[in-house]
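# Coordinates for the following, if possible.
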Amino acid sequence: MRFTPGTQIRAQLDKAIDAKKAKVGDEITAKTTDDLNSNPPGRATKGCKLIGHLVEASPHQGDTPAVLGIVFDKMILKDGSEMPMTASIQAIGFADDFNPATDSEMIGQMGAGPGQRQGSAPGGVVGAGSGQPSSYAGQRLPGGGGSTSDAKLPFNAKGAVGMSGVTLGPGPAQDSVLTGKKRNVKLENGMQMIVRVTQ
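Now for the predicted structure:
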């Protein structure tokens, strides 16, 4: 199995990550919240595990910003097999903190994302996730708070959603870097991510 570049994966963090306590090398785990299109079908279902680690971690101190650098290494499928994965974090936050600009912008990004591919390929292919545009009517996504909410972060979300003073950008080691210039960076258990496969 291999990933199609550009595939978007929505996942939910399994545990909190605090820049005050985190250390380089700490494992990052998250679980997918959607079935992904795969060939052969049914290989990458909801609940597959994303495994990554921290490549940078420092707390906010004086003029020194808080930093968390995250890189993903692989996905573990439900049958226990592993797929190598290089991916960047496009967005991270709680779904009920996201307020889309327009209905069409969001709904157009739901469903099959840019990585979807039909047909067979050697070893199999995993493409884009399956979305449910009918679940979103353009209003603010339903709340409930973190992991207890049924809301899903849409595929067009970008950056650190609902995290005031925190920015998300690319790092030097194919990682994704969250920076807090004036505050600590803490990712809470249950936060969702939109991860985009780069290769």
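
# contacts and neighbour counts: CA atoms only from here.
Fine.

# Phi and psi next, for residue 95.
Main-chain torsions, residue 95, degrees, to the nearest 10: phi -60, psi -40.

# Surely it is in contact with residue 151?
Yes: using C-alpha atoms under 8 Å, residue 95 is in contact with residue 151, at 5.7 Å.

# which of those two has more neighbours?
More neighbours surround residue 95 than the other of residue 95 and residue 151, with 27 against 21 (other C-alpha atoms under 10 Å).

# The nearest residue to the more buried one once chain neighbours are set aside: which element?
Among residues not flanking residue 95 along the chain, residue 153 sits closest, at 4.3 Å (C-alpha to C-alpha, 6 or more residues apart in numbering). Per DSSP states H and E: residue 153 is located in neither a helix nor a strand.

# Return the residues in contact with residue 153.
With contact taken as C-alpha atoms under 8 Å, 6 or more residues apart in numbering, residue 153 is in contact with 10, 93, 94, 95, 96, 98, 192, 193, 194.

# and the strand or helix carrying residue 69, what other elements does it pack with?
Taking DSSP H and E as the criterion, residue 69 maps to strand 66-76. Counting contacts by 3 or more C-alpha pairs under 8 Å, 6 or more residues apart in numbering; DSSP states H and E, strand 66-76 packs against strand 49-58, strand 82-84, strand 87-93, strand 176-180.
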